[in-house]
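[1] Provided below for reference: sequence and predicted model.
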Amino acid sequence: MRVAVIGAGAIGGTIAALLARAGHEVQVTARGEHLAAIARGGIRLSGVWGEYVARVSAAGLLTRSPDLAIVATKAQDARAALEANAAFLVGIPVVVMQNGLEGIENARQGAPQSDIVGGLALYAASFLSPGQVTVTAGGSTYLGGELLPSVYASRILGAVMPTAITGNFEGAQWTKLIVNHVNALPAITGLSVQEVVSNHGLRLAMTESMREAVRVGDAKGIAFEKVQGLSNGILRLLLRLPVSIGQLLPLLMKRRMGKRPNPGSTLQSIRRGQPTEIDYLNGAVVYHGGLLGVPTPVNELLVAMVHEVERSHDFITPDDVIAQVKAAVSRGPSPA
């Protein structure tokens, strides 16, 4: 089967390599040194899902129509990538593997003649060198949206990686948004996710940012879908418990990651000198909190800090981060 992967970074590169290993005819799009490396030597997959060199067709834009397309660009690049390749996607099921909350709607605008499926990747993958992707922790891929295209996509992806269809995709997006709160602090400090969670002060900061996100989702009437061990009940319990106990949640998430350092996708972008998705992660919490009148001082601070690191290329010390988060919490609402 012909499969196109638009954006062959950590997530897209992993999917492309696994599909190629299963015998599918895969074409990927990429840019710069990464594109040159793939064209020259393929995608080199390593990590918990095995070692494999995937010889795939690679170009800046698609050159043919696939049977299934997967979009795995950064959230801010998805619509433009779809528009640029739309001529080859007419009538084609398109899976949008996107962080944040706007993936399906942006995809419908970018490729209005395609059948859009939402996708959430719950495995951890790193792309730190051109042509190479590493899966640091396994996990499922969740699909949702239009039913028949979702089933079609799940049969293809489910043969190469754990895949599930959910009828509550919006709830799954919000739970994944909570999971993605592991990203900001590594990007700010330059530490791995595991190192951040091991630091007591940073762990409390992460917990506070998660609590704000759950408050916003609660105000929006979201029923959080069960994703990666998190559930509606667990997340709502996070609001009722003091932070001293709520910090157990990041610790449990750390255990699921294993020992191999996970930099998080936002820190990976920082290291490559590329714009991050922070406005679609913690920034989404700030945006929806503003619409709903829910204060989000910690998330506002984390977004500002990530943008500062993007501008300055200098990481912020954990002690400085902790002090600023404490000040933000003291200015915000009293804990639930």
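    Alright, I've got the coordinates.

[2] separation between Ala213 and Gly100?
    For Ala213, the distance to Gly100 (Cβ to Cβ, to the nearest Å) stands at 12 Å. The C-beta positions use only the backbone N, C-alpha and C, and glycine is treated the same way.

[3] what stretches of this protein score poorly on pLDDT?
    Regions of the chain meeting the criterion pLDDT under 70 cover residues 332-336.

[4] in a helix, that's where Leu291 is, yeah?
    Yes. Applying DSSP: H, G, I helix; E, B strand; the rest coil, one finds Leu291 inside a helix.

[5] for it, the count of nearby residues, please.
    Each residue near Leu291 was counted by other Cβ atoms under 10 Å, and the total is 10.

[6] how near is it to Ala284?
    Applying Cβ to Cβ, the value for Leu291 to Ala284 is 11 Å.

[7] which residues touch Lys11?
    Let me fix one detail, which is that residue 11 is Ile and not Lys. 72, 97, 121, 125 (Cβ atoms under 8 Å, 6 or more residues apart in numbering).

[8] show me the residues you listed that map onto strands.
    In strands, judged by DSSP state E, the following of the contacts of Ile11 are found: 97, 121, 125.

[9] what sits against the first one?
    What that stands for is Met97. 11-12, 15, 70-72, 103, 119-121, 141.

[10] tell me where the stretch 1-150 of the chain has strands.
    2-6, 25-29, 43-47, 52-54, 57-59, 68-71, 93-97, 115-121, 124-129, 132-137, 141-145 (DSSP state E, counting those that start in this stretch).

[11] rebuild the ones you listed as TSV, extending it with distance to Ala304.
    Listed next are these as TSV, based on distance: least, Cβ to Cβ, whole Å:
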stretch	distance to Ala304
strand 2-6	31
strand 25-29	32
strand 43-47	33
strand 52-54	39
strand 57-59	37
strand 68-71	29
strand 93-97	27
strand 115-121	26
strand 124-129	26
strand 132-137	28
strand 141-145	30
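
[12] out of the ones you listed, flag the one nearest Trp174.
    Comparing these against Trp174 with Cβ to Cβ, the closest turns out to be strand 115-121 (10.6 Å).

[13] could you list every residue that touches Ala124?
    135-137, 139, 257, 262.

[14] identify the bridge partners of it.
    Ala137 (DSSP bridges).

[15] which helix is the longest one in this structure?
    Criterion DSSP state H: the longest helix present in the chain is helix 200-220.

[16] which elements pack onto the following helix or strand past that helix?
    Once the chain leaves helix 200-220, the next helix or strand it forms, by DSSP states H and E, is helix 232-240. The helices and strands touching helix 232-240, judged by 3 or more Cβ pairs under 8 Å, 6 or more residues apart in numbering; DSSP states H and E, are helix 169-179, helix 200-220.

[17] columns mean neighbour count and distance to Gln268 on top of the ones you listed, output as TSV?
    Below are these laid out as TSV (neighbours: other Cβ atoms under 10 Å; distance: least, Cβ to Cβ, whole Å):
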stretch	mean neighbour count	distance to Gln268
helix 169-179	24	16
helix 200-220	23	18
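
[18] can you tell me which of the ones you listed is nearest to Ser65?
    So among the helices and strands packed on helix 232-240, helix 169-179 is nearest, using Cβ to Cβ, at 26.0 Å.

[19] thinking again about what came up before, output the longest helix of the chain as PDB, nothing but the C-alphas.
    Only the C-alpha atoms of helix 200-220 are listed here, as PDB (Å, rounded to 0.1, in the frame of the first residue of the first chain):
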ATOM      1  CA  HIS A 200      11.300  18.400  43.900                       C
ATOM      2  CA  GLY A 201      10.700  22.100  43.100                       C
ATOM      3  CA  LEU A 202      10.400  21.600  39.300                       C
ATOM      4  CA  ARG A 203       8.000  18.700  39.900                       C
ATOM      5  CA  LEU A 204       5.800  20.900  42.000                       C
ATOM      6  CA  ALA A 205       5.900  23.500  39.200                       C
ATOM      7  CA  MET A 206       4.800  20.800  36.700                       C
ATOM      8  CA  THR A 207       2.000  19.700  39.000                       C
ATOM      9  CA  GLU A 208       0.700  23.300  39.300                       C
ATOM     10  CA  SER A 209       0.700  23.700  35.500                       C
ATOM     11  CA  MET A 210      -1.300  20.400  35.200                       C
ATOM     12  CA  ARG A 211      -3.800  21.500  37.800                       C
ATOM     13  CA  GLU A 212      -4.400  24.700  35.900                       C
ATOM     14  CA  ALA A 213      -5.000  22.700  32.700                       C
ATOM     15  CA  VAL A 214      -7.500  20.400  34.400                       C
ATOM     16  CA  ARG A 215      -9.300  23.400  35.900                       C
ATOM     17  CA  VAL A 216      -9.700  24.900  32.400                       C
ATOM     18  CA  GLY A 217     -10.900  21.500  30.900                       C
ATOM     19  CA  ASP A 218     -13.300  21.200  33.800                       C
ATOM     20  CA  ALA A 219     -14.700  24.700  33.100                       C
ATOM     21  CA  LYS A 220     -15.100  23.700  29.500                       C
END
